[in-house]
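Asks: build the 3D model from these lines:
(one chain, ligands or ions: 1)
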Amino acid sequence: MRTIKFNMIEKNDTMEKIVSLCKRRGFVFQGSDIYGGLAGVFDYGPMGVELLNNLKRFWWKANVYDKTNSYGIDSGIFKHPMVWEASGHTTGFSDPLAECRECNTRIRVDKELERIGVAADEKMSEADINALFDEHRNDISCPKCGKKNFTSVRAFNLLVKSNLGDFASEGTEPVYLPGEACQGIYLNFKNIVDTMSPKLPFGIAQIGKAFRNEISPRNFLFRTREMEQADTQFFVKPNENKEAFERIKQERWDWYLSIGIREENLRWKQHDNLVFYAADAWDIEYQFPGGFDELEGIHDRTDYDLTQHMKFSGVDLRYTDPETGEKYIPWILETSVGLGRMFLAVLADAYHEDEMGGEKRTVLRLSPELAPYRVAVSPLLKNKPQLVEKAHEVFSMLKKEFGNVAFDDNGNIGKRYRRQDEIGTPHCIVIDFDTLGEESPELKDTVTVRDRDTGTQERVAIAELVAYLNH
Ligand code: ATP
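Replies: Numbers count the residues shown, from 1 in each chain. This is a model prediction of the structure:
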């Protein structure tokens, strides 16, 4: 399982620069770094966790607080083994795998085919994907040794097993780690109906962990083995799915624009190959550094999930219409996005290299609501106690208001600006001798506020700072 740091990142200049910035500035580290890393697992550092939490907060606001008919939950990670039987994961949750006969490297065949321009996906039958792979074998090289000597393709199940409660080590009925977080929502459907008495249509939202034995975790946070998913399941009356589905699709598109993603980097992709129960399925794709790929899935799942759980659990999961008394299984419209992919899309969108004052710089143009630090405060010189004291005063005042404020007195001012630009801090405040009113009494208690994107500096009264930054 050990791997060299970031060794699955595809050769791509921008991606490498983003990965390097993430490490340099404390956004994301390879999991278990000091032991050489663990493939497909990443740790968020002090800057990363702030950005991640801001993204979660925004997502939760849009999907719970801003709605009148939405309920948040947080279900346990471990679930009854029957859950994954009912959902079809134990039998059908697989990706097509082939192994290099020379060096044993495993490839995910649908993705390799797609890479060379051949349409394929993980839902194809084993026979179909083998036929397609055989047709194109000569165009696909092993990513490690470069040879073209692969085994035939077999379906590889992605569920990760645990030994929870298995004290005899029999492993007969494993408790799996969740392959997708949304199962927790189906399991709590009845609890929500019984306790909150919601009227259809209504939604349940959750951010939860999921684990997949990905054959080749790659592209940094894009394909990991441990991930967090932000899911909504919207429950509607049977056959009242179409209009709501279109509305939900639009809402999710608009949400990405609201967090500052550029529209030209988004596009829709409808699934050609639907699973048997689905009525419709779309992906919002983002133009990642390696090209457009799935960011979020939006699926019209009919009554499949609740029907399956009703069948396997024996518990009546039908909804009773309060007006007519009619009982039926609601249909489900699902949205699901991996937080890591969202994080990567936001970083890729914000990443810019430009020139300021004749110097090249890297800057993250994050919106102030998402940036890890809302603002940074610096004394012009760190060896002048009056400047430092005043800077601490301003820092404490802003910290009370915003929380995530940096005190930065490392290196000279130019270096501090470069560092804060790379972190994406929208404004830097400098406390200088004018703040103390030593030479120009009219400037007493004013500071310099420098804008990240334009580099312009303004003189602002300390008393006006909060209003200025909130503007
Ligand atoms: P893919 O085809 O890329 O493997 P998927 O269609 O299997 O993805 P879903 O099962 O629909 O993905 O999961 C919903 C969302 O969870 C995806 O849109 C993606 O944002 C995220 N996701 C899925 N697998 C991973 C992973 N291995 N690493 C990070 N995020 C993931």
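
Asks: enumerate the residues of this structure near the ligand.
Replies: Counting by CB under 6 Å from any ligand atom, the chain comes close to the ligand at 180, 212, 214, 223-224, 227, 229, 294-297, 336-338, 340-341. Quick note: C-beta positions are derived from backbone N, CA and C, even for glycine.

Asks: and the buried ones among these, selectable in ChimeraX?
Replies: Of the residues of the chain next to the ligand, the buried ones can be selected in ChimeraX as follows, counting by 16 or more other CB atoms under 10 Å:
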select :180,212,214,223,224,227,229,295,296,297,336,337,338,340,341
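
Asks: identify the residues contacting the residue of the chain found nearest the ligand.
Replies: Residue nearest to the ligand within the chain: residue 338 (2.7 Å; CB to the nearest ligand atom). Residue 338 makes contact with 224, 227, 228, 229, according to CB atoms under 8 Å, 6 or more residues apart in numbering.

Asks: residues touching stretch 85-94, excluding its own?
Replies: With contact meaning CB under 8 Å, 6+ apart, stretch 85-94 is reached by 84, 122, 155-159, 176, 179-180, 183, 186, 305, 308-309, 311-313.

Asks: re the thing from before, and the residue of the chain closest to the ligand, bridged to which residues?
Replies: Bridge pairing for residue 338 (DSSP bridges) gives the partners residue 229.

Asks: ok, it to residue 75 distance?
Replies: Distance of residue 338 to residue 75, given as CB to CB, to the nearest Å: 17 Å.

Asks: for residue 168, same thing?
Replies: As judged by CB to CB, residue 168 and residue 75 stand 28 Å apart.

Asks: more crowded one of those two?
Replies: residue 75 (18 against 7; other CB atoms under 10 Å).

Asks: excluding its backbone neighbours, what's nearest the more buried one?
Replies: Excluding the flanking residues, the one nearest residue 75 by CB to CB, 6 or more residues apart in numbering is residue 184, at 2.7 Å.

Asks: for residue 384, what are phi and psi?
Replies: Phi and psi for residue 384, reported as degrees, to the nearest 10, are phi -110, psi 100.

Asks: burial measure for it, as a count.
Replies: By the criterion of other CB under 10 Å, residue 384 has 16 neighbours.

Asks: ok, and the closest non-adjacent residue to residue 380?
Replies: residue 432 (4.2 Å).

Asks: related to what we said a few turns ago, contacting residues around the residue nearest to residue 75?
Replies: When contacts are counted by CB under 8 Å, 6+ apart, residue 184 touches 73, 75, 76, 79, 178, 206, 208.

Asks: again, only this time at 10 Å
Replies: 73, 74, 75, 76, 77, 79, 83, 178, 204, 206, 208, 231 (CB atoms under 10 Å, 6 or more residues apart in numbering).

Asks: out of these, which are inside strands?
Replies: Judged by DSSP state E, those include 73, 204, 206, 208, 231 as members of strands.

Asks: just flag the most distant two among those residues.
Replies: Within the ones in strands among the contacts of residue 184, 204 and 208 form the most distant pair, 11.7 Å apart (CB to CB).

Asks: who has more neighbours, the two?
Replies: Neighbour totals were compared for residue 204 and residue 208, and residue 204 leads with 26 against 21 (other CB under 10 Å).

Asks: got any ranges where this structure has weak pLDDT?
Replies: 1-12 (pLDDT under 70).

Asks: recalculate using a threshold of 80.
Replies: By pLDDT under 80, the low-scoring segments of the chain are 1-12, 168, 170-172.

Asks: what about the helices in it?
Replies: Secondary structure of the chain by DSSP state H: the helices cover 13-24, 46-60, 81-86, 89-92, 109-115, 126-136, 183-187, 189-196, 242-258, 304-313, 339-350, 385-402, 413-423, 465-470.

Asks: can you tell me what sits against the first one?
Replies: Yep, that's helix 13-24 we're talking about. 5-6, 9-10, 12, 27-30, 33, 42, 44-45, 47-48, 219-222, 288-290, 343-344, 347-348, 350-351, 353, 362, 364, 419, 422-424.

Asks: CA-only coordinates of it in PDB, if you can.
Replies: Output in PDB follows, covering the C-alpha atoms of helix 13-24 (Å, rounded to 0.1, in the frame of the first residue of the first chain):
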ATOM      1  CA  ASP A  13       2.000  21.400 -15.200                       C
ATOM      2  CA  THR A  14      -0.900  23.300 -13.600                       C
ATOM      3  CA  MET A  15      -1.900  20.300 -11.400                       C
ATOM      4  CA  GLU A  16       1.700  20.000 -10.200                       C
ATOM      5  CA  LYS A  17       1.800  23.600  -9.400                       C
ATOM      6  CA  ILE A  18      -1.500  23.400  -7.400                       C
ATOM      7  CA  VAL A  19      -0.200  20.300  -5.500                       C
ATOM      8  CA  SER A  20       3.000  22.100  -4.700                       C
ATOM      9  CA  LEU A  21       1.200  25.200  -3.500                       C
ATOM     10  CA  CYS A  22      -1.100  23.100  -1.400                       C
ATOM     11  CA  LYS A  23       1.900  21.500   0.400                       C
ATOM     12  CA  ARG A  24       3.900  24.700   0.600                       C
END
